[in-house]
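**Student:** No letters, just coordinates:
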Ligand SMILES: O=c1[nH]c(=O)c2ncn([C@@H]3O[C@H](COP(=O)(O)OP(=O)(O)OP(=O)(O)O)[C@@H](O)[C@H]3O)c2[nH]1
Ligand SMILES: [Mg+2]
């Protein structure tokens, strides 16, 4: 952030695992970026991932009263035309890891894309800007600790491991979240 900005950047999320990864990723590298956090559940509209992300960030900026970031994660099955997409949270809650596999029974491809969309607003009334990161993978029967969402059923292409089986620094090198944060970082450093 530029030295003229007086308020700290706030990451608004209700998800402790996201917050941990974001802090890990942004603290790496030559120019660490510090974020405060506020645990607020912001209502999420229906729509494309980008529409959901922009609306959520607008609402968050109003509540925070200053610069903030929000994040939306989608899990897009190729066989299902990109669904569950931004609705993965409800699918995960209702169906669990086994159900996320069963959705694909009978389909020839288990390919899926993890999509992370960060939105940044400079403050209330400022239109959010979005930064997207994507990682290709395959939906597999759960392997590894079931700590974070669908990590145990998502195997990024070419790794032979699910996200859940990877040490966090390995996931943070290739994840949808790390790719989106690299773009956000570049933007913040250009301000
Ligand atoms: O295995 C995972 N690895 C990840 O890297 C990851 N990132 C998000 N998720 C899950 O996908 C849904 C997104 O919904 P979501 O973007 O609305 O998040 P959320 O409601 O939990 O938090 P927030 O919206 O308050 O920030 C939620 O079920 C998250 O737990 C992940 N699962
Ligand atoms: Mg949410």
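**Tutor:** That came through, no problem. Note that the structure is a prediction, hence the values are computed from the model and not measured. Ligands and ions are numbered 1, 2, ... in the order given.

**Student:** Can you pull the poorly scored residue ranges out of the protein?
**Tutor:** 1-6 (pLDDT under 70).

**Student:** Quick one: name the residues of it near ligand 1.
**Tutor:** 13-15, 18, 44, 71-73, 88-89, 92, 148-151, 163, 177 (CB under 6 Å from any ligand atom). (C-beta placed from N, C-alpha, C; glycine too.)

**Student:** Quick check: PyMOL command selecting the buried ones in these.
**Tutor:** Buried members of those, defined by 16 or more other CB atoms under 10 Å, are picked up in PyMOL with:
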select buried, resi 13+15+18+44+71+72+73+88+89+92+148+149+150+151+163+177
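
**Student:** Relative to ligand 1, which residue of this structure is the closest?
**Tutor:** Here the chain gets closest to ligand 1 at one residue, residue 149, 2.2 Å apart by CB to the nearest ligand atom.

**Student:** now the helices for this protein?
**Tutor:** Shown for the chain, the helices assigned by DSSP state H span residues 16-27, 49-64, 88-102, 168-174, 176-190.

**Student:** Would you mind finding the most buried of those?
**Tutor:** helix 49-64 (a mean of 20; mean count of other CB atoms under 10 Å).

**Student:** I'd like to know which elements that one is packed against.
**Tutor:** Identification of packing neighbours for helix 49-64 by 3 or more CB pairs under 8 Å, 6 or more residues apart in numbering; DSSP states H and E yields strand 10-12, strand 68-77, strand 111-121, strand 129-139.

**Student:** contacts for it?
**Tutor:** Surrounding helix 49-64, the residues in contact under the criterion CB atoms under 8 Å, 6 or more residues apart in numbering are 10, 12, 38, 40, 42-47, 67-72, 74, 85-86, 115, 117-121, 123-128, 130, 132.

**Student:** All good on my end, thank you.
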